[in-house]
Each structure stands twice: as structure tokens, then as C-alpha cells.
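>>> following is a predicted model, sequence given first.
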Amino acid sequence: MAEDSAGISGLKVMVIDDSKTIRRTAENLLKKEGCEVVTAVDGFEALSKIAEHKPSIIFVDIMMPRLDGYQTCALIKHNRMFKDTPVIMLSSKDSIFDRARGRIVGSEQYLTKPFTKEDLLGAIKEHT
């Protein structure tokens, strides 16, 4: 396993979620694997941080106040500088409609909460 996580060590990962628990859980899991983690509480905060930190991959919650995950993903994908940055949607809902909507706005993958360490690392390895 040690050589596996070496591939993602030093990788800059962004986690956007209005839940402090989810942000903290993802951050702790990813930091243990050597990732540099940037968090944001909503899409507005995320957009300014993305420009500043230029993450390699972004995890975004769907249900957030002000700017939801779909809108945030669409804005990221419409930006020339960040359109190729992989965006993984996070949601507690697991319907075909939600998954399809995630694809429409350009997300690479859809993870259902609660996610596991394996879910996060698998998505990172697959898309970076």
C-alpha cells in the first residue's frame, strides 16, 4: 500500500462541502496519504480558492447553499484554465437523475456519501 499512496503524495486536492464533518473527514484521510488539501464551505469560496491554489482534482458536494455543486462544477468547467481539472461530485442522494445531472455539468465521477477512504483514493488515482 505504501507505494500506492506515493503516487498521490504532494497532490493538491480541493474539498468543497458545507458540512464541517465531511470537510474534516476528507481532509484527514487525504493528508494521511500525503496530499495537500484545500477546503471551501461553498461554491463562492471555492472559486476564489481554485484560482489561487490550482488543485489537481476537486471534490464538490451537490447540496450547498448559495451555489450548489452542479453550478460550481459548471463554472469550473466553463473556465478555460480549469476545464480539464477533474471534478468529483459528492452526494448523499444516489439517483440516476443526480448522476446524469452531474455528467451534464461535466463531472468525472459521482461518489455517494458517506464515502470511504478507498472511494476518495480510487477517484484520485483514476482521474489524476
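Noted; the coordinates are in hand. Numbers count the residues shown, from 1 in each chain.
>>> now Q109: closest residue in space, sequence neighbours ignored.
Once flanking residues are discounted, Q109 sits nearest to I88: 4.7 Å by C-beta to C-beta, 6 or more residues apart in numbering. Every C-beta, even on glycine, is put in place using the N, C-alpha and C of the backbone.
>>> buried sites along stretch 39-52?
For stretch 39-52, the buried set under the neighbour-count rule, 16 or more other C-beta atoms under 10 Å, comprises 39-43, 45-47, 49-50.
>>> could you do stretch 75-93 as well?
Across stretch 75-93, burial judged by 16+ other C-beta under 10 Å covers 75-76, 82, 85-91.
>>> which residue, other than its chain neighbours, is closest to K117?
Closest residue to K117 apart from its sequence neighbours, by C-beta to C-beta, 6+ apart: L29 at 4.9 Å.
>>> spit out the contact partners of the one you found.
By C-beta atoms under 8 Å, 6 or more residues apart in numbering, L29 lies in contact with 117, 120-121.
>>> can you give me the offset of whichever strand or helix holds it from its chain's centre?
Secondary-structure assignment from DSSP states H and E places L29 in helix 20-32. Here helix 20-32 is found 12 Å from its chain centre; the criterion is C-alpha atoms, centre = their mean, to the nearest Å.
>>> which SS class is the spatially most central residue of the chain?
Centroid-nearest residue in the chain: F59, 0.6 Å away (criterion: C-alpha atoms, centre = their mean). Following DSSP: H, G, I helix; E, B strand; the rest coil, F59 is assigned to strand.
>>> that one reaches T25, doesn't it?
No: contact between F59 and T25 fails when scored by C-beta atoms under 8 Å: they sit 11.2 Å apart.
>>> re the thing from before, only alpha carbons, please: show the helix holding L29 as CSV.
Listed next in CSV are the C-alpha coordinates belonging to helix 20-32 (Å, rounded to 0.1, in the frame of the first residue of the first chain):
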residue,chain,number,x,y,z
LYS,A,20,-17.6,20.7,8.5
THR,A,21,-17.6,16.9,9.3
ILE,A,22,-17.3,15.9,5.7
ARG,A,23,-14.5,18.5,5.0
ARG,A,24,-12.6,17.4,8.1
THR,A,25,-13.0,13.7,7.3
ALA,A,26,-11.9,14.0,3.7
GLU,A,27,-9.0,16.3,4.7
ASN,A,28,-7.7,13.9,7.4
LEU,A,29,-7.9,10.9,5.1
LEU,A,30,-6.1,12.7,2.2
LYS,A,31,-3.5,14.3,4.4
LYS,A,32,-2.5,10.9,5.8
